[in-house]
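**Q** predicted model and sequence follow; I will ask about them next.
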Amino acid sequence: MSVLVTSASSAKALVISRSLGRKGIDVIATDSDRFSAAFFSKYCKCYFLSPHPERSPFAFINALENALRKRKIDVLMPVNSTETLLISKYKKKLELYTKVPYADYFKMVQLHDKKRLMEIAAEIGIPIPRTYVVSDVYEIRNIAGKVAYPVVIKPRDSTSSRGVHYAHSEEELIRIYRRFIKSHDNSALIQEYIPGDGYGVSVLFNQGELRALFTHRRLREYPITGGPSTLRESVRHPEMERIAVKLLEYMEWHGVAMVEFKLDKRTNKPVLIEVNPRFWGSINQAIASGVDFPYLLYKMATEGDIEPVFKYKLGVKTRLLMNDLRALFSILRHSNNSIQNFRQFLKFKGIIDDVISREDMLPILFFIYTNIREMLNRG
């Protein structure tokens, strides 16, 4: 039993490696960074360096193909968006050597492209924010004069809040958009801002049939204006779950995905925000609550199918401490209740960390190192 896990420098790759390693599966990890945290996990049997999938996509695929051919690995499990899309694109080539339990490239792109996702959702009656597509600078003045503020400006293909901006006036929207198009080649989406809490409905499908489901609510996120969750809690929300399943059944989905919602506090109704057609950053939340998506995906790939998993523990809380600390600093800068927010942050009891593990300490040092290096490079 063996699996190849990509993006070994990420927290979720470490979580996935631990999940599979604890089940006795040999984990082979890869990344372009030699100090990747998962490389140093006791659950990682071996690792190898590969080209960066964004900077050298063809070299990355060739490196995977060579590794799969030589090592005879049972399942290939990409983690982040870039390599998941790439691997899906070259799925037939890689399936000569291993199992690739992910949707075909055409379906993957349909959900990854935010414009196309909104179109699909509207077609099948799923609630979405009011959305405007801007393809050039001449359209922005017309749109800026008729939207209700605040609005969200986002690239069609961004992930983890990258490239997302907020505008609170017509002048600010025009200014942000002009700056926006200098760094993004494709058209922008202008969307209504939905006030309310964020939720995620995570699923596993087997050729269009639901096999596992899990829902969490975001308690903190970074950036605090809307980004990956840093503190979350396992919950149930039947209406959101129904909508998520409806969308992915319509797509005849295969593999994992997370459907993101906002619970609009004006109407108390869920609104679809986006879909991550891959593993999501809060994967540890589902595992800690009893839905082990990496292991279920592995079993489904190697055995053909699994028993459905729809029940899990409620009220379980997890967090990614390093990013939660960033969220705290940001909240303190923008809040008048500094003492209250700091006290809430210090409530460690009963909260499971994504990275910190007494049984597997070494990766923590490398995860901290890469995060500090990233912050220094940014600023």
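**A** Structure's in. What do you need? Numbers count the residues shown, from 1 in each chain.

**Q** per-residue confidence at the residue positioned nearest the centre of the chain?
**A** What sits nearest the mean C-alpha location of the chain, by CA atoms, centre = their mean, is W280, with 3.0 Å. The model reports W280 with a pLDDT of 96.

**Q** look up phi and psi at it.
**A** phi -110, psi 160 (degrees, to the nearest 10).

**Q** so the nearest residue to it once chain neighbours are set aside, which of the three states?
**A** Nearest non-adjacent residue to W280, counting by CB to CB, 6 or more residues apart in numbering: M258, 4.0 Å away. Where C-beta positions appear, they are placed from N, C-alpha and C, glycine not excepted. Classification of M258 by DSSP: H, G, I helix; E, B strand; the rest coil places it in strand.

**Q** now swap in P101 and tell me
**A** coil.

**Q** give the contact list for it.
**A** Each residue near P101 by CB atoms under 8 Å, 6 or more residues apart in numbering is listed here: V75, M77, H254, G255, L297, M300, A301.

**Q** which ones are touching the third one?
**A** What that stands for is H254. P101, Y102, A103, D104, K107, F205, N206, Q207, G208.

**Q** which residues of the chain fall in helices?
**A** Ranges of helices in the chain, per DSSP state H, are 11-22, 57-71, 81-89, 91-94, 105-112, 114-123, 137-144, 170-180, 238-250, 283-289, 293-303, 321-334, 338-345, 362-378.

**Q** is M240 in contact with D197, as I believe?
**A** No. In this structure M240 lies outside contact range of D197 using CB atoms under 8 Å: 11.2 Å.

**Q** what touches both of those two?
**A** What both M240 and D197 touch, as defined by CB under 8 Å, 6+ apart, is the set L263.

**Q** the more surrounded of the two?
**A** M240 (22 against 13; other CB atoms under 10 Å).

**Q** tell me how the protein divides into domains.
**A** For the chain, the structural domains run 2-101, 130-192, going by automatic domain parsing.

**Q** so how far is the longest one from its chain's centroid?
**A** For domain 2-101, the separation from the chain centroid amounts to 17 Å (computed by CA atoms, centre = their mean, to the nearest Å).

**Q** report the buried residues of the longest strand seen in the chain.
**A** Looking across the chain with DSSP state E, the single longest strand is strand 209-221. Buried positions in strand 209-221, judged by neighbour count with 16 or more other CB atoms under 10 Å: L210, R211, A212, L213, F214, T215, H216, R217, R218, L219, R220, E221.

**Q** which among the contacts of H254 gets closest to R178?
**A** Closest approach between these and R178, by CB to CB: K107, at 34.2 Å.

**Q** circling back to that earlier point, with distance to I181 and pLDDT added, can I get the buried residues of strand 209-221 in CSV?
**A** Shown next, in CSV, are the buried residues of strand 209-221 (distance: CB to CB, whole Å; pLDDT from 0 to 100):
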residue, distance to I181, pLDDT
L210, 40, 98
R211, 41, 98
A212, 40, 98
L213, 39, 98
F214, 38, 98
T215, 36, 98
H216, 35, 98
R217, 35, 98
R218, 30, 95
L219, 35, 93
R220, 32, 90
E221, 27, 88
